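Q: Build me a model:
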Amino acid sequence: YSDPDGDGVADAMYFPSRNMPMRSDLFARAAWQLQTRVGVRIFAWMPVMAFKLPSSHPAATHLVQTMTGAPASASQNRYLRLSPFDPVARKAITEIYEDLGKHAIFAGVLFHDDATLSDYEDASPAALAVYRDQWKLKGSLQDIRNNPQARRTWAKRKTAYLSEFTLHLADTLRIYQPALQTARNLYAQPVLNPEAEDWFAQTLPNFLATYDYTAIMAMPYMEGAAEPTVWLDQLISKVKQTPHALRTTVFELQSRDWKTGKPIPSNILAAQLRQLHSAGARNLGYYPDDFHANQPEEHIIKPEISVETHPVRK
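A: Just a heads-up that it's a prediction; the model follows:
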């Protein structure tokens with residue numbers, strides 16, 4: 001998908017779509033060339049809810065809403081998202097995925113980190129109807145938040161609901177890509193702090209049970225960690241507490257500090273890859289890769305991601 005302004009919301013697609021503008025019919029050719037010439041397996045990185053539909057689209061305003069009276073910080077750093085509870089929005093998103101499946105051949109889908117709901121979301125009419133009629137949660141959202149048992153039920157239901165929606169989208173792709181695998185980005189906070197499910201509607205156990213791969217955003221600078229090395233040790237230690245979790249967990253490092261706009265020095269990124277590998281990580285990655293500017297520097301980073309240096313573990 002195309003996100004020229006870098007706000008995490010898809011403005012256009014790189015494949016033909018009934019619902020979204022197409023910036024260029026690029027993905028199918030790029031995926032085919034990489035798979036046939038280089039021999040790599042391609043995953044399509046796709047938003048789940050963060051689509052900026054044309055203003056004339058019937059679902060353009062059917063967005064995730066924050067409850068009345070929520071603090072200003074409740075929507076801070078949250079993407080513009082279509083409400084997954086709204087039938088018109090769900091239909092549009094499903095059709096976007098259907099068009100992707102029709103127009104390209106690829107091995108898997110990586111669900112973007114936009115699939116979150118905070119402890120003040122979603123307050124849209126469609127969501128409120130689901131809480132009341134299907135989940136049997138009584139009263140206003142404020143009533144639910146004030147009742148510890150109802151609040152936990154609400155958080156767990158939202159976690160399951162978002163995962164179920166991604167599985168629906170994966171099944172839509174499998175009509176055209178029968179062997180499709182799935183991966184989903186997971187914020188670090190739900191791994192480090194189980195109470196964070198309230199704030200994200202995400203948990204590590206849910207992801208491990210749902211997807212072929214769980215891509216944890218192992219990004220200490222984004223999280224404001226005072227000591228990145230210590231923070232990464234804590235993160236992988238938490239993952240290792242679940243038996244066999246390392247087999248399907250991808251640790252996704254950041255190669256750019258988005259707060260400053262500057263690249264992470266290549267030697268630091270290489271050291272972080274080395275640190276995680278030494279601690280038992282089997283699947284590593286980083287983002288972004290600016291190959292035009294050779295950032296991160298290839299000669300520094302290559303030894304840390306090469307099977308010549310690190311043979312594949314079985």
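
Q: Next up, the contacts around the residue nearest to Ile93 when sequence neighbours are not counted.
A: The shortest distance from Ile93 to any non-neighbouring residue, by CB to CB, 6 or more residues apart in numbering, is to Leu82 (6.3 Å). For every residue, glycine as well, the C-beta is placed using N, CA and C. Listed by CB atoms under 8 Å, 6 or more residues apart in numbering, the contact set of Leu82 reads 49-51, 53, 59, 62-64, 89, 92-93.

Q: Could you measure from Leu82 over to Leu63?
A: According to CB to CB, to the nearest Å, Leu82 stands 6 Å off from Leu63.

Q: Equivalent analysis for Gly8, please.
A: In terms of CB to CB, Gly8 sits 14 Å off from Leu63.

Q: do the same with Tyr176
A: For Tyr176 relative to Leu63 (CB to CB), the value is 29 Å.

Q: And the longest helix seen in the chain, what does it pack against?
A: Using DSSP state H, we find that the single longest helix of the chain is helix 148-174. Applying 3 or more CB pairs under 8 Å, 6 or more residues apart in numbering; DSSP states H and E, one finds that helix 148-174 contacts helix 87-103, strand 108-111, helix 125-133, helix 141-146, strand 181-186, helix 197-200, helix 204-210.

Q: for the stretch 201-314 of the chain, which spans come out with low pLDDT?
A: Counting by pLDDT under 70, the stretch 201-314 of the chain contains low-confidence ranges at 313-314.

Q: ok, 50 please
A: Scanning the stretch 201-314 of the chain for pLDDT under 50 picks out no residues.

Q: all helices for it, in order.
A: In the stretch 201-314 of the chain, the segments counted as helices under DSSP state H, counting those that start in this stretch are 204-210, 228-240, 266-278, 298-305.

Q: Ok, which of these comes nearest Pro194?
A: Pro194 sits nearest to helix 204-210 of all the helices of the stretch 201-314 of the chain, at 8.7 Å, using CB to CB.

Q: Quick one: list the elements packing against that closest one.
A: helix 148-174, strand 181-186, strand 213-217.

Q: Kindly reformat these as CSV containing mean neighbour count and distance to Gly108.
A: Output for the helices and strands packed on helix 204-210, formatted as CSV (neighbours: other CB atoms under 10 Å; distance: least, CB to CB, whole Å):
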stretch, mean neighbour count, distance to Gly108
helix 148-174, 18, 9
strand 181-186, 22, 4
strand 213-217, 23, 8
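
Q: right, and the ones you listed - which one's nearest Tyr286?
A: Of all the helices and strands packed on helix 204-210, strand 213-217 comes closest under CB to CB, at 11.1 Å.

Q: In its sheet, which strands sit next to that closest one, and in what direction?
A: strand 181-186 (parallel), strand 249-254 (parallel) (DSSP bridges).

Q: Show residues contacting the first one.
A: Outside strand 181-186, the residues that touch it by CB under 8 Å, 6+ apart are 43, 107-113, 115, 166-167, 170, 202, 204, 207, 210-217, 250, 252.

Q: Taking helix 148-174 as reference, get the angle to it.
A: Using axes from the mean of the first three to the mean of the last three CA atoms, to 10 degrees, the direction of strand 181-186 lies 140 degrees away from that of helix 148-174.

Q: Return the set of buried residues in the helix or strand following strand 181-186.
A: Next along the chain after strand 181-186, taking DSSP states H and E as the criterion, comes helix 189-192. By 16 or more other CB atoms under 10 Å, the buried positions in helix 189-192 come out as 189-191.

Q: ok, back up a step: ranking the contacts of Leu82 by neighbours, who comes first?
A: Highest neighbour count within the contacts of Leu82, by other CB atoms under 10 Å: Phe51, with 28 neighbours.

Q: partner residues bridging that residue?
A: Beta-bridge partners recorded for Phe51 (DSSP bridges): Ala10.

Q: Can you check the pLDDT for it?
A: At Phe51, the pLDDT value in this model is 98.

Q: residues contacting it?
A: With CB under 8 Å, 6+ apart, Phe51 has these contacts: 9-10, 19-20, 82, 92-93, 96.

Q: got those as CSV, with pLDDT and distance to Gly69 columns?
A: Shown next, in CSV, are the contacts of Phe51 (pLDDT from 0 to 100; distance: CB to CB, whole Å):
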residue, pLDDT, distance to Gly69
Val9, 96, 26
Ala10, 98, 30
Asn19, 98, 33
Met20, 98, 34
Leu82, 98, 23
Ala92, 98, 30
Ile93, 98, 29
Ile96, 98, 33
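
Q: what about Val130, neighbour count?
A: 19.

Q: Skip the chain neighbours and tell me the closest residue to it.
A: Phe85 (5.0 Å).
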